[in-house]
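> This is the structure alone, sequence omitted:
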Ligand SMILES: Nc1ncnc2c1ncn2[C@@H]1O[C@H](COP(=O)(O)OP(=O)(O)O)[C@@H](O)[C@H]1O
Ligand SMILES: [Mg+2]
């Protein structure tokens, strides 16, 4: 040491000391920060619901996240350097390899595939795998494979699907049964009807008054049963077989229906008006049934005043919304859904005749055409039945 | 129905040998400079996944005749890959020694395919269930 360099004064030393202290504190703070962020990412991966692998370009496992133990039953170190292909269900290996190949060929792109992963205990988990090739990323130089267990989701979906299939099947069976039963019941019933009628005609006034009354009841019951069976047959026919659609003018349909209902319209002094209606692709006979039921109900369920009925249509997006509005007795909002259920009626037969099948048929027809049907009403003021039909 | 032979498919000797061989192809093609020849590397790997797909499909057939057909196709693909190993050697992507090893094990896997085909064909003639080697 030369004399030119003066020894630091005690003042200078204490300044330097303070500086050193400060630097050390900052350094240790920075280290803590680093540790914390390291822990942060570690626990992020540790607690992930997914298993994260980093694969070598040949499919060997370089890194496995700790979550592998919880989800797949493997301790990460047991997978190190093993080839991931060994852990894929054999039947799914070809498509897993294809996804891996695609991923390697397209760095940075996301490739996904589903397959069964073999767990440590020999069982299988259905997983969604996402491959992300970071081979060209110098910090990674590997393929990141993210495995998400969807076994439960998949099982739930399968269960849902088989329940839906089962429901569709039993619905179809029921429909077939209803069709067969109503079809086969018609013939014997016709016989019962004609013979009781004959009985009534032949013995009227010859037996006692009670007998006449009873015969009357029987005839009544049989007529009612025939009406029910006829409607039931109509109902089950809607769901059967092919349904051909062609462009149908709804103006023409309404005119046709009005002429069919002519007598009832005249009797009730109903006034039916309509806006210009569009042409839509539908099944002619079904759409006629639909309109006949709706206008028929509008004519039937009137109060004191003569029925005033208006038919209109409005384009809404891909669909046409048709409406049949009346000024009749209306429906309580709590019954809006009920009226579309088969055999559900809001009135006794003495109030209004009917079988309770009409609106159920309407619902089926509309749904078969890919539309919806509903009702809006103010009790005492009238109802509007609305349904949609795809415009093309 | 599946043949008794494929009941524990994951432990089926032919499958294990084929899968191991494929892993070996992936290992070889995963090394530089082979890996950098993207087209060639991917062609080989693609053939490998196709070959395993044929084996898997073969094991899932109800009719043993169809099973045999799929294993025949798997064998064709195997031979195609084996032939391509010559070019890999010419390009110095693999050493002579590696080539020899891979060629030999390909031949061995080919024999296992043959055995399976023969076993399956025999099972259509008489219903004896002795396993192939
Ligand atoms: N336009 C309407 N106004 C008031 N109530 C109606 C109207 N249309 C249907 N309803 C109610 O819905 C029920 C079911 O109708 P529907 O299925 O056609 O059977 P039905 O006319 O044979 O009774 C009817 O019993 C009636 O109570
Ligand atoms: Mg009705």
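All right, it came through fine. Values in this document were obtained by computation on a predicted structure and should not be read as measured data. Ligands and ions are numbered 1, 2, ... in the order given.
> what's around the closest residue to ligand 1 within chain B, how many residues?
For chain B and ligand 1, the shortest gap (Cβ to the nearest ligand atom) falls at residue B:62, measuring 50.5 Å. (C-beta placed from N, C-alpha, C; glycine too.) Neighbourhood size, residue B:62 [other Cβ atoms under 10 Å in any protein chain shown]: 9.
> Assign a three-state SS to it, would you?
Here residue B:62 is coil, with the state taken from DSSP: H, G, I helix; E, B strand; the rest coil.
> for residue A:253, same thing?
Three-state call for residue A:253 (three-state DSSP): helix.
> Pretty sure it sits against residue A:287.
Yes: the criterion here is Cβ atoms under 8 Å, and residue A:253 meets it with residue A:287 at 5.7 Å.
> any idea how far residue A:172 is from residue A:311?
Counting by Cβ to Cβ, to the nearest Å, the gap from residue A:172 to residue A:311 is 33 Å.
> More neighbours: the two, which one.
A direct count of neighbours by other Cβ under 10 Å for residue A:172 and residue A:311 places residue A:311 higher, at 23 against 12.
> List phi and psi for the residue nearest to that one when sequence neighbours are not counted.
Of all residues not flanking residue A:311 in the chain, residue A:274 sits nearest, at 4.0 Å (Cβ to Cβ, 6 or more residues apart in numbering or on different chains). As for residue A:274, its main-chain torsions (degrees, to the nearest 10) stand at phi -150, psi 150.
> who's in contact with residue A:274?
A:251, A:254, A:310-312 (Cβ atoms under 8 Å, 6 or more residues apart in numbering or on different chains).
> Tell me which residue of the stretch 151-300 of chain A lies closest to ligand 1.
Counting by Cβ to the nearest ligand atom, the stretch 151-300 of chain A gets nearest ligand 1 through residue A:297, at 3.3 Å.
> dump the residue contacts of that residue.
When contacts are counted by Cβ under 8 Å, 6+ apart, residue A:297 touches A:358-359, A:385.
> closest to residue B:11 among the residues you listed?
Among these, residue A:359 lies closest to residue B:11 (Cβ to Cβ), at 61.7 Å.
> For the helix or strand that contains that closest one, enumerate the helices and strands it packs against.
Following DSSP states H and E, one finds residue A:359 within helix A:358-368. For helix A:358-368, the packing partners by 3 or more Cβ pairs under 8 Å, 6 or more residues apart in numbering or on different chains; DSSP states H and E come out as helix A:209-238, helix A:284-300, strand A:373-378, strand A:382-390.
> Sheet partners, orientation included, of the third one?
In the sheet containing strand A:373-378, its partner strands are strand A:382-390 (antiparallel), by DSSP bridges.
> List the buried residues in the partner strand.
Buried residues in strand A:382-390, counted by 16 or more other Cβ atoms under 10 Å in any protein chain shown: A:382-389.
> how deep is residue 91 tucked in, by neighbour count?
If you meant another chain, say so; for now it's chain A. As a burial measure, residue A:91 scores 16 neighbours (other Cβ under 10 Å).
> I was thinking of chain B, sorry if that wasn't clear
Other residues close to residue B:91 by other Cβ under 10 Å number 12.
> Mean confidence (pLDDT) on the one helix or strand residue A:23 maps to, please.
Following DSSP H and E, one finds residue A:23 within helix A:10-46. The average pLDDT within helix A:10-46 is 85.
> name the helices or strands packed onto that helix?
Contacts defined by 3+ Cβ pairs under 8 Å, 6+ apart place helix A:10-46 against no helix or strand at all.
> Report the angle between the very next helix or strand once past it and helix A:10-46.
Beyond helix A:10-46 in the direction of the C-terminus, DSSP H and E gives the next helix or strand as strand A:51-55. Here strand A:51-55 runs at an angle of 100 degrees relative to helix A:10-46 (axes from the mean of the first three to the mean of the last three Cα atoms, to 10 degrees).
> centre of the chain versus strand A:51-55, how much separation?
Here strand A:51-55 is found 36 Å from its chain centre; the criterion is Cα atoms, centre = their mean, to the nearest Å.
> Now do residue A:350, the pLDDT please.
Model confidence at residue A:350, given as pLDDT, is 82.
> My reading is that it lies in a helix. Confirm?
No: counting by three-state DSSP, residue A:350 is not part of a helix but coil.
> What's the local residue count around it?
For residue A:350, the count of nearby residues is 6 (other Cβ under 10 Å).
> now the one 3 residues further on
Neighbourhood size, residue A:353 [other Cβ under 10 Å]: 10.
> List phi and psi for it.
With angles defined as degrees, to the nearest 10, residue A:353 sits at phi -70, psi 150.
> Kindly provide the distance from it to residue A:296.
Distance of residue A:353 to residue A:296, computed by Cβ to Cβ: 11 Å.
> Just give the closest residue to the residue of chain A found nearest ligand 2, not the sequence neighbours.
Nearest to ligand 2, among the residues of chain A, is residue A:358, at 2.9 Å (Cβ to the ion). Once flanking residues are discounted, residue A:358 sits nearest to residue A:293: 4.2 Å by Cβ to Cβ, 6+ apart.
> what sits against that neighbour?
When contacts are counted by Cβ under 8 Å, 6+ apart, residue A:293 touches A:358-359, A:361-362.
> residues contacting the residue lying closest to residue A:378 once chain neighbours are set aside?
Of all residues not flanking residue A:378 in the chain, residue A:330 sits nearest, at 5.5 Å (Cβ to Cβ, 6+ apart). Applying Cβ under 8 Å, 6+ apart, we find residue A:330 in contact with A:377-383.
> Surely residue A:148 touches residue A:126?
No: using Cβ under 8 Å, residue A:148 is not in contact with residue A:126, being 10.0 Å away.
> dump the residue contacts of the closest residue to residue A:294 other than its chain neighbours.
Nearest residue to residue A:294, sequence neighbours excluded (Cβ to Cβ, 6+ apart): residue A:324, at 4.4 Å. Shown in contact with residue A:324 (Cβ under 8 Å, 6+ apart): A:291, A:294-295, A:298, A:309-311, A:384-385.
> phi, psi of residue A:324?
phi -120, psi 110.
> ok, now residue A:260?
Per-residue torsions, residue A:260: phi -70, psi -40 (degrees, to the nearest 10).
> Now do the contacts for the closest residue in space to it that isn't next to it in sequence.
Spatial nearest neighbour of residue A:260, chain neighbours left out: residue A:292 (6.2 Å); criterion: Cβ to Cβ, 6+ apart. Taking Cβ under 8 Å, 6+ apart, we find residue A:292 in contact with A:257, A:260-261.
> Looking at the residue nearest to residue A:294 now. What's its pLDDT?
98.
> how close does it get to residue A:271?
Going from residue A:324 to residue A:271 by Cβ to Cβ gives 14 Å.
> what is in contact with those two at once?
The contact lists of residue A:324 and residue A:271 share residue A:309, where a contact means Cβ under 8 Å, 6+ apart.
> Check the contact between residue B:27 and residue A:58; I expect there is one.
Yes: counting by Cβ under 8 Å, residue B:27 touches residue A:58, with 4.6 Å between them.
> what is in contact with these two at once?
With Cβ under 8 Å, 6+ apart as the test, residue B:27 and residue A:58 both reach residue A:83.
> between these two, who's got more neighbours?
residue A:58 (22 against 16).
> helix or strand for that one, which one?
When secondary structure is defined by DSSP H and E, residue A:58 falls outside every helix and strand.
> Same question for residue A:122.
Counting by DSSP H and E, residue A:122 is found in no helix or strand.
> got any ranges where the stretch 201-350 of chain A has weak pLDDT?
Counting by pLDDT under 70, the stretch 201-350 of chain A shows low-confidence ranges at A:241.
> and it, which residues reach ligand 1?
Contact residues (Cβ under 6 Å from any ligand atom) of the stretch 201-350 of chain A with ligand 1: A:293, A:297-298, A:301, A:326, A:328-331, A:339, A:345-347.
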